[in-house]
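**Q** Sequence and computational prediction follow.
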Amino acid sequence: MARYTGPTTKIARKFGEPIFGADKYFEKKNYPPGQHGLARKRKKTSEYGTQLKEKQKVKYTYGVLERQFRNTYAKAQKMKGRTGENLLLLLESRLDNIVYRMGVAPTRAAARQLVSHCHITLDGEVCNIPSTFIKPGQVVAVRERSKSLEVIQNHVSDTCKYSWIEWNRNELTGKFLNLPERTEIPEPINEQLIVELYSK
């Protein structure tokens, strides 16, 4: 299964944001990677460079590789409304992201692993495909025999802070109520730059 397995702190430092979640090493070295760090003179980024950097940031944030991202963008183009917003809504409705938003896993990578290891069910059936798009009304839950896992018990939340997910702490289930509004997605992403990049 294709996924990014390289260093995460180095990537987070590149973008200047802890895009993979809380990172104590990022806090210690909150400056660009490289031998000279902050002392290195950096050229002004071109318009294309800015757009490409934003696309890369979104890909790393949601754990999506190039082909998946391109296919998701093509799907967003066919939907009604703004393409950039549609892209983010599709990424937010991925199964691994929903598991992360439910508070069952500390990071999207951890949520992806829970899904791929068959610890998560979708409408009562085991689903091990992290990229599955969840539709409003579907129920995502921790598999019955996996509820006692230490990795889940250590990170499970009592409440869910996202209005588009109905969270049941006792049953470890979350119902995907609706696609979120763009203003409800907390990640600092400028999706218009991605649209401009693909429109060239």
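**A** Received, thanks. Numbers count the residues shown, from 1 in each chain.

**Q** Could you list the low-confidence segments of the chain?
**A** 1-43 (pLDDT under 70).

**Q** Could you find the closest non-adjacent residue to Pro180?
**A** Trp164 (4.5 Å; CB to CB, 6 or more residues apart in numbering). Heads up, the C-betas are built off the backbone N, CA and C, glycines and all.

**Q** Tell me the helix or strand right after the longest helix along the chain.
**A** In the chain, taking DSSP state H as the definition, the longest helix is helix 47-62. Next helix or strand after helix 47-62 toward the C-terminus (DSSP states H and E): helix 66-78.

**Q** tilt between the next helix or strand after that next one and helix 66-78?
**A** Per DSSP H and E, helix 66-78 leads on to helix 83-92 as the next helix or strand towards the C-terminus. Between the axis of helix 83-92 and that of helix 66-78 there is an angle of 120 degrees, by axes from the mean of the first three to the mean of the last three CA atoms, to 10 degrees.

**Q** what angle do helix 83-92 and helix 47-62 make?
**A** 20 degrees.

**Q** So the residue most central in space within the chain versus Lys55, what's the distance?
**A** Taking CA atoms, centre = their mean, the centroid of the chain lies closest to Tyr62, which sits 2.9 Å from it. Tyr62 is 11 Å from Lys55, where distance means CB to CB, to the nearest Å.

**Q** Show me how this structure divides into domains.
**A** Following automatic domain parsing, the chain resolves into domains at 8-90, 94-178.

**Q** Tell me which of the ones you listed lies nearest to Ile185.
**A** domain 8-90 (5.8 Å; CB to CB).

**Q** quick revisit: roughly how far is the longest helix of the chain from the heart of the chain?
**A** Chain-centre distance of helix 47-62: 14 Å, with CA atoms, centre = their mean, to the nearest Å.

**Q** Show me what it is packed up against.
**A** Packed against helix 47-62, as judged by 3 or more CB pairs under 8 Å, 6 or more residues apart in numbering; DSSP states H and E, are the following elements: helix 8-15, helix 66-78, helix 83-92, helix 191-198.

**Q** could I get these as CSV with distance to Gln138 and mean neighbour count?
**A** CSV is the format used below for the helices and strands packed on helix 47-62 (distance: least, CB to CB, whole Å; neighbours: other CB atoms under 10 Å):
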stretch, distance to Gln138, mean neighbour count
helix 8-15, 30, 18
helix 66-78, 18, 15
helix 83-92, 14, 21
helix 191-198, 25, 18
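
**Q** To Phe176, which of those helices lies closest?
**A** helix 83-92 (9.8 Å).

**Q** Hey, what's the angle from the closest one to helix 191-198? Just curious.
**A** Here the directions of helix 83-92 and helix 191-198 differ by 110 degrees (the same axes, to 10 degrees).

**Q** elements contacting helix 83-92?
**A** Against helix 83-92 (3+ CB pairs under 8 Å, 6+ apart) you get helix 47-62, helix 66-78, helix 191-198.
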